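S.K.: need coordinates for the following:
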Amino acid sequence: MSEAVLSVSFAGPLVTVQDAGRPGHMRYGVPASGPMDRLAFDAANAALGNPQGISAIEISLGGLMLHCKEGAVTLAITGGEFVVEHGGQKTSSWTILTLQKGERLAIRAGTAGSWAYLAFAGRLGSEDWLGSQATHSTSGFGGGAVRTGQSLEISEAAIRGDRLGAIPQPEFPSNGPIRVVTGPQDHHFEENAVACLLADVFTVTDAYDRMGMRLKGPLLGLDGALSIPSEPVVRGSVQVSGDGVATVLLADHQTTGGYPKIATVISCDTDRLAQWRAGQPVRFTSISSAQAIEDVRHFTVQKTRYLEQISVPRGSLEQRLIRENLIHGCAFD
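M.R.: Residues are numbered from 1 along each chain as shown. The predicted structure is shown next:
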């Protein structure tokens with residue numbers, strides 16, 4: 001193992017260092033932060049055989065370009081359907097490759113998804129804040145934003161030839177409407193507001209960042225609710241401002257808020273929603289609290305199995321060739 005040094009040729013906005021998050025500090029007004037798509041983030045580290053939750057780079061639609069100045073390192077790219085350029089070849093995300101000295105890597109927005117994840121077979125050097133490298137995008141505390149001209153240092157950089165190639169994508173996330181539990185303040189809305197939330201189609205707007213996603217759709221009328229005191233909010237809260245417009249709170253959400261919350265997106269659907277882009281339609285469906293717990297538990301079991309499967313090394317090139325049936329038949333003259 002050695003060190004790899006990568007120069008950032010270009011970094012778009014909201015490209016940040018993230019680890020699994022900073023839990024336990026919301027009582028002090030500190031958001032947990034962490035990845036917008038936690039499944040994709042975990043998959044990138046698992047596919048490399050990394051410890052769970054170590055730091056990776058979250059890449060926005062603005063993209064990222066790197067130039068390897070020293071050393072070499074194997075890396076994994078997951079998340080949205082981004083375009084990956086390396087060694088004169090174009091591939092898609094959900095892949096593992098090795099970046100050698102002198103080579104360049106470009107990750108750009110592709111056909112779908114808003115966030116990609118770049119994990120390294122090694123440890124990304126960045127600053128801790130309150131015991132975590134997760135970046136709070138508004139303050140910049142944590143590992144921080146990745147900026148053009150910056151150098152990234154990967155300690156214990158390793159080449160893992162037994163892991164190269166495509167990463168199987170998870171098949172278990174639901175592709176139906178976004179599941180919500182109504183409330184906790186649905187009683188502060190006009191009589192038909194909850195019905196509108198569940199029956200009508202909303203659209204993701206370009207007012208979308210790591211704090212939240214503002215939606216365009218039918219106005220959800222309030223019934224004198226703006227006088228309620230501020231109280232804790234969580235990732236997935238569907239908060240409605242005085243103009244009746246809904247916003248889904250995401251990874252860097254504030255810790256308290258005074259706007260009423262008409263519903264809460266269940267945790268395993270917030271990651272899926274976070275990958276949607278401006279202009280995409282959003283439908284919500286209501287489930288009970290008990291059903292939400294059951295769905296999240298089922299998702300967690302499936303996720304654990306999936307991460308275990310992709311964390312197994314594939315073997316050397318020779319071993320993989322032996323396993324494959326490269327000859328499907330033979331012909332005789």
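S.K.: quick check: nearest residue in space to residue 200, chain neighbours excluded?
M.R.: Excluding the flanking residues, the one nearest residue 200 by CB to CB, 6 or more residues apart in numbering is residue 218, at 4.8 Å. Where you see a C-beta, it was placed from the backbone N, CA and C, and this is true even at glycine.
S.K.: that neighbour: helix or strand, and which one exactly?
M.R.: Using DSSP states H and E, residue 218 is not contained in any helix or strand.
S.K.: neighbours around it, how many?
M.R.: By other CB atoms under 10 Å, the residues close to residue 218 number 17.
S.K.: need the contact list for it.
M.R.: Neighbouring residues of residue 218 by CB atoms under 8 Å, 6 or more residues apart in numbering: 196, 200, 202.
S.K.: quick one: it from residue 203, how far?
M.R.: 11 Å (CB to CB, to the nearest Å).
S.K.: picking that back up, which member of the contacts of residue 218 is positioned nearest residue 294?
M.R.: residue 202 (25.8 Å; CB to CB).
S.K.: what sits opposite the closest one in the beta ladder?
M.R.: residue 282 (DSSP bridges).
S.K.: what's the neighbour count on it?
M.R.: 24.
S.K.: what pLDDT does the model give the residue nearest to residue 200?
M.R.: Turning to residue 218, the model gives it a pLDDT of 94.
S.K.: for residue 142, state which of the contacts of residue 218 is nearest.
M.R.: Using CB to CB, the contacts of residue 218 come closest to residue 142 at residue 202, 31.1 Å.
S.K.: contact partners for that closest one?
M.R.: Counted by CB under 8 Å, 6+ apart, residue 202 has contacts 215-218, 246, 281-284.
S.K.: the helix ranked longest in the chain - what's its average pLDDT?
M.R.: Secondary structure assigned by DSSP state H gives helix 289-310 as the longest helix of the chain. Taken as a whole, helix 289-310 carries a mean pLDDT of 97.
S.K.: what packs against it?
M.R.: helix 38-48, strand 178-182, helix 267-274 (3 or more CB pairs under 8 Å, 6 or more residues apart in numbering; DSSP states H and E).
S.K.: and with 6 Å instead?
M.R.: helix 38-48, helix 267-274 (3 or more CB pairs under 6 Å, 6 or more residues apart in numbering; DSSP states H and E).
S.K.: buried residues, it. List them.
M.R.: Across helix 289-310, burial judged by 16 or more other CB atoms under 10 Å covers 292, 295, 299, 302-303, 306-307, 310.
S.K.: with distance to residue 228 added, can I get these in TSV?
M.R.: Shown next, in TSV, are those (distance: CB to CB, whole Å):
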residue	distance to residue 228
292	24
295	29
299	32
302	38
303	35
306	41
307	40
310	45
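S.K.: which one of those residues is nearest to residue 6?
M.R.: Nearest member of the buried residues of helix 289-310 to residue 6, counting by CB to CB, is residue 310, at 24.1 Å.
S.K.: which residues sit in contact with the residue nearest the centre of the chain?
M.R.: Nearest to the geometric centre of the chain sits residue 37, at 2.1 Å (CA atoms, centre = their mean). Going by CB atoms under 6 Å, 6 or more residues apart in numbering, residue 37 touches 79, 115, 271, 274-275.
S.K.: quick check: it vs residue 60, distance?
M.R.: Taken as CB to CB, the span from residue 37 to residue 60 is 12 Å.
S.K.: picking that back up, now a PyMOL select for only the buried ones of the contacts of residue 37.
M.R.: Buried residues among the contacts of residue 37 (16+ other CB under 10 Å), as a PyMOL selection:
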select buried, resi 79+115+271+274+275
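S.K.: and for residue 230, the neighbour number?
M.R.: Around residue 230 there are 11 residues (other CB under 10 Å).
S.K.: contacting residues for it?
M.R.: 256, 258.
S.K.: hang on, the earlier thing: can I get the contacts of residue 202 in a markdown table with distance to residue 232?
M.R.: As requested, the contacts of residue 202 are arranged in a markdown table below (distance: CB to CB, whole Å):
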| residue | distance to residue 232 |
| --- | --- |
| 215 | 22 |
| 216 | 27 |
| 217 | 26 |
| 218 | 27 |
| 246 | 19 |
| 281 | 30 |
| 282 | 24 |
| 283 | 27 |
| 284 | 22 |
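S.K.: related to what we said a few turns ago, just the contacts of residue 37 now: which is nearest residue 233?
M.R.: Closest to residue 233, out of all of the contacts of residue 37 and judged by CB to CB, is residue 274, at 16.2 Å.
S.K.: just to check, that closest one is in contact with residue 34?
M.R.: No: checked against CB atoms under 6 Å, the pair residue 274 and residue 34 is beyond contact range at 11.4 Å.
S.K.: outline the domain layout of this protein.
M.R.: Following automatic domain parsing, one finds the domains of the chain at 2-166, 178-287.
S.K.: and residue 283, what is it in contact with?
M.R.: 177, 201.
S.K.: out of the buried residues of helix 289-310, who's nearest residue 90?
M.R.: Once CB to CB is applied, the member of the buried residues of helix 289-310 that ends up nearest residue 90 is residue 310, at 23.0 Å.
S.K.: how much space separates the closest one from residue 217?
M.R.: From residue 310 to residue 217 the distance is 37 Å (CB to CB).
S.K.: cool, thanks, signing off.
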